[in-house]
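*Asks:* Got a sequence here, can you model it:
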Amino acid sequence: MDSERLAGRLTVLRARLDRDLDEIRALRAFDDRAPIVGGLLDDVDRQLQRSRGAMVVVVAGPTGSGKSTLVNALCGEEVTTEGIDRPTTSAPTVVAPTDADLVPLLEGLPGPAPRVLRRDSRGLTSRAVVVDAPDVNSVAVEHRALVQALVERADVVVACLHRQALVEASTAQFMARFRGLRRVLWVLARADELADEPRAALEDQLAEVTSAPADDRFTLSAARARAEGDAGFDRLVARLGQLVGEEGALGVRCHNALGAAARVGRELDAVASAATPDLDALPGILRSGLDRLVDEVVAELDVRLDLRAKPIAGMLLGEAGRRWDGPGGWVLRAGSWATIGTGLGLALARRAPLAGAGVAVAGAAVGAARHGLEQRALSDSAGLLPEASQLDSAWRQQLSDARVTADRLVLERDALAFPSSGRVEDVLDEAAREGWQRLLDRDLPLAAERTAPIWLRWVLDAPVYALAGWVAWVVVRGFFAGEYAGVDFLLNATLIAIAGLWLVRAFVALLARARAARLVGSVRTQIRASLEQNAGELVARVEERCEAHRSRLRELSALEERWRAVLGES
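*Replies:* This is a model prediction of the structure:
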């Protein structure tokens, strides 16, 4: 693999990571760690930007550790000032090959402008950019910001330490921030000032503090190396030569990218630990809350359906009347008010014909108006469910645990498709509308047919037809015999017919009320089943979103392994 292929693979991995993170950005646990993750992703972007450029070696360390002396020794000449005044290095010194592109390194650096030296030698600086950084524990705050920026832009960090630095908290904390993110070579410098026994103890302490492999730990004296040679320094130069070579550079950059991936992975593991319990629990909590809400709504629905049972029976009578062509059908269609009004009108017609006609017309009008009002009231599902404010109150009360869990889990509930009060109201309205429409379009006509089957119509119409036949026979016989039947006879016969029809209507009304009760029960069952199904769909959508987040978190927990499989590490 060359630098071009490395850059290409890093680009693909970085883009996929962005897509994966987009799936979990709504999680509150991720938002808490977003600044850290964002910083690590910025570090990957910086590595990607310089992946085709020269290797950058930054020599960093605390005050008085001998950084400048070490840089001079590495460059084979005095390129930076050595001294005893602290801090000696205020502006960084950059020693670079003549053809190295320094823009990614120098652009936007805080603090004083660096001193840049170009070299065309055969040593380390012919293959890498070497930087003498300010002190990591400098009393000057701007120095610490500058060295942090330089280390962030480095490929290899040479951590130059003296014996006091091993126990300095500030130095340890600074270097710990970059452990794993950069290839770090640990140097115990100024070894010429140490006796053998303290030197051995410090080397053991360095190994314990850094946990670095022996190949990346060095004890040396840069001053002695320049004067007469030093075995530790020679090891360091050889190791740097390996790391900045073409093959070694790829290994270093893979190592650094994998370090960033590992850090991101640990942050995402923390996100998963915080979010997974709520992701697992939320669908069940929501299911329980919606079940309680459905029970509350159905209890109110039962009351309102019971109030509609009598009007439903009236609708059933009217529907049966439309299917009944005989006199029984007329009385069912006309209604009780029209029947009573007609009877009273006929009774009054003997003495006051106009008053009788008025009573009959008034009865018909009252019946028609009442029937129209009932029809309009029952034409849709309006009024079956509680009012919007009552539903909102029930939503808040019954889903309080689910809302608390969702708010703890995500920044916005919509990220989990959590049902809002308006959405729940729409679902309830839809279930009620579908159930009621089924009653009007299917169940009511079918029940009407069963309430007054054809055989029953003939049985109930037969007496009326018989009475009509007898009256006709009497009238015809009287006509030929010269015996006029008279108005009273006709009125009495009509009253008897109306009374019979009223009894027919009362009988069929009893049947209709019984069937209406069954229809109400059927509507109740239908609406409840629909409510439960719709509630299940709401829970399923939330479960789907929760599972998507869980799945993405599981994938991201293997982020380092995935990157390692693509990049490898030399």
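
*Asks:* so where do the strands sit in this structure?
*Replies:* Counting by DSSP state E, the chain forms strands over residues 55-61, 93-97, 115-119, 128-135, 156-161, 183-188, 217-219, given from the N-terminal end onward.

*Asks:* can I get the ones you listed in a markdown table with distance to residue 499?
*Replies:* Placement of C-beta: from N, CA and C, glycine included. As requested, the strands of the chain are exported to a markdown table (distance: least, CB to CB, whole Å):
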| stretch | distance to residue 499 |
| --- | --- |
| strand 55-61 | 111 |
| strand 93-97 | 117 |
| strand 115-119 | 119 |
| strand 128-135 | 114 |
| strand 156-161 | 110 |
| strand 183-188 | 109 |
| strand 217-219 | 117 |
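
*Asks:* mind putting those in JSON lines, distance to residue 257 and mean neighbour count included?
*Replies:* Compiled in JSON lines, the strands of the chain are given as follows (distance: least, CB to CB, whole Å; neighbours: other CB atoms under 10 Å):
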{"stretch": "strand 55-61", "distance to residue 257": "14", "mean neighbour count": "27"}
{"stretch": "strand 93-97", "distance to residue 257": "23", "mean neighbour count": "23"}
{"stretch": "strand 115-119", "distance to residue 257": "27", "mean neighbour count": "16"}
{"stretch": "strand 128-135", "distance to residue 257": "18", "mean neighbour count": "27"}
{"stretch": "strand 156-161", "distance to residue 257": "14", "mean neighbour count": "27"}
{"stretch": "strand 183-188", "distance to residue 257": "11", "mean neighbour count": "24"}
{"stretch": "strand 217-219", "distance to residue 257": "23", "mean neighbour count": "22"}
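
*Asks:* Tabulate the ones you listed (CSV), appending mean pLDDT and distance to residue 434.
*Replies:* Converted to CSV, the strands of the chain look like this (pLDDT from 0 to 100; distance: least, CB to CB, whole Å):
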stretch, mean pLDDT, distance to residue 434
strand 55-61, 92, 69
strand 93-97, 91, 75
strand 115-119, 89, 77
strand 128-135, 90, 73
strand 156-161, 91, 68
strand 183-188, 91, 67
strand 217-219, 92, 75
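
*Asks:* Which one of those strands lies nearest to residue 265?
*Replies:* Shortest separation from residue 265 across the strands of the chain is recorded for strand 183-188, at 19.0 Å, computed as CB to CB.

*Asks:* and the helix ranked longest in the chain with strand 156-161, angle?
*Replies:* Across the chain, the longest stretch assigned as helix under DSSP state H is helix 246-322. Computed by axes from the mean of the first three to the mean of the last three CA atoms, to 10 degrees, the angle separating helix 246-322 from strand 156-161 equals 110 degrees.

*Asks:* Which of the strands of the chain sits closest to residue 269?
*Replies:* Closest approach to residue 269 among the strands of the chain is made by strand 183-188 (23.6 Å; CB to CB).

*Asks:* Let's see that closest one as CSV, backbone CA atoms only.
*Replies:* Once side chains and other backbone atoms are set aside, the C-alpha atoms of strand 183-188 remain, and they are given as CSV (Å, rounded to 0.1, in the frame of the first residue of the first chain):
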residue,chain,number,x,y,z
ARG,A,183,3.7,7.2,17.3
VAL,A,184,5.6,8.4,20.4
LEU,A,185,9.3,7.7,21.0
TRP,A,186,10.1,8.2,24.7
VAL,A,187,13.6,9.7,25.4
LEU,A,188,15.2,9.9,28.8
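
*Asks:* by contact count, what packs against it?
*Replies:* Secondary-structure packing of strand 183-188 (3 or more CB pairs under 8 Å, 6 or more residues apart in numbering; DSSP states H and E): strand 156-161, helix 196-210, strand 217-219, helix 231-244, helix 246-322.

*Asks:* Excluding chain neighbours, give the residue nearest to residue 66 in space.
*Replies:* Beyond its immediate neighbours in the sequence, the residue positioned closest to residue 66 (CB to CB, 6 or more residues apart in numbering) is residue 189, lying 4.2 Å away.

*Asks:* Can you report how many residues lie near that neighbour?
*Replies:* Counted with other CB atoms under 10 Å, residues neighbouring residue 189 total 28.

*Asks:* what do you get for the one 5 residues further on?
*Replies:* The burial metric for residue 194, expressed as a neighbour count using other CB under 10 Å, is 18.

*Asks:* What does it show for phi and psi?
*Replies:* With angles defined as degrees, to the nearest 10, residue 194 sits at phi -110, psi 140.

*Asks:* which residues does it contact?
*Replies:* Under the criterion of CB atoms under 8 Å, 6 or more residues apart in numbering, the neighbours of residue 194 are 163, 202.

*Asks:* And for the one 5 residues further on?
*Replies:* Contact partners of residue 199, counting by CB under 8 Å, 6+ apart, are 191, 219.

*Asks:* Check what pLDDT it gets.
*Replies:* In this model, residue 199 is scored at 86, pLDDT.

*Asks:* And it, how far from residue 188?
*Replies:* Separation of residue 199 from residue 188 (CB to CB, to the nearest Å): 8 Å.

*Asks:* Show the contacting residues for residue 52.
*Replies:* If a contact means CB under 8 Å, 6+ apart, then residue 52 has 3, 4, 7 as its contacts.

*Asks:* For residue 248, see how far away it is.
*Replies:* Residue 52 is 16 Å from residue 248, where distance means CB to CB.

*Asks:* Can you give me the buried ones in stretch 135-150?
*Replies:* The neighbour-count criterion (16 or more other CB atoms under 10 Å) identifies 135, 136, 137, 138, 143, 144, 146, 147, 148, 149, 150 as the buried residues of stretch 135-150.

*Asks:* If I follow the layout properly, the fifth one ends up in contact with residue 110?
*Replies:* No: using CB atoms under 8 Å, residue 143 is not in contact with residue 110, being 9.8 Å away.

*Asks:* and the spatially closest residue to residue 180 that is not a sequence neighbour, what pLDDT?
*Replies:* Distances taken as CB to CB, 6+ apart put residue 259 closest to residue 180, at 3.9 Å, once the chain neighbours are dropped. Residue 259 carries a pLDDT value of 90.

*Asks:* Give me the neighbour count for residue 259.
*Replies:* Residue 259: 22 neighbours (other CB under 10 Å).

*Asks:* How about the one 10 residues further on?
*Replies:* By the criterion of other CB under 10 Å, residue 269 has 14 neighbours.

*Asks:* Could you list which residues are in contact with it?
*Replies:* In this structure, residue 269 makes contact with residue 557, judged by CB under 8 Å, 6+ apart.

*Asks:* Look up how far residue 275 lies from it.
*Replies:* For residue 269, the distance to residue 275 under the criterion CB to CB works out to 11 Å.

*Asks:* How about residue 556?
*Replies:* Taking CB to CB as the measure, residue 556 falls 12 Å from residue 275.

*Asks:* do the same with residue 176
*Replies:* For residue 176, the distance to residue 275 - CB to CB - is 27 Å.

*Asks:* Please apply the same query to residue 493.
*Replies:* Here residue 493 is placed at a distance of 85 Å from residue 275 (CB to CB).

*Asks:* With neighbour numbers in mind, choose between these two.
*Replies:* Relative neighbour count places residue 275 above the other of residue 493 and residue 275, with 22 against 18, counting by other CB under 10 Å.
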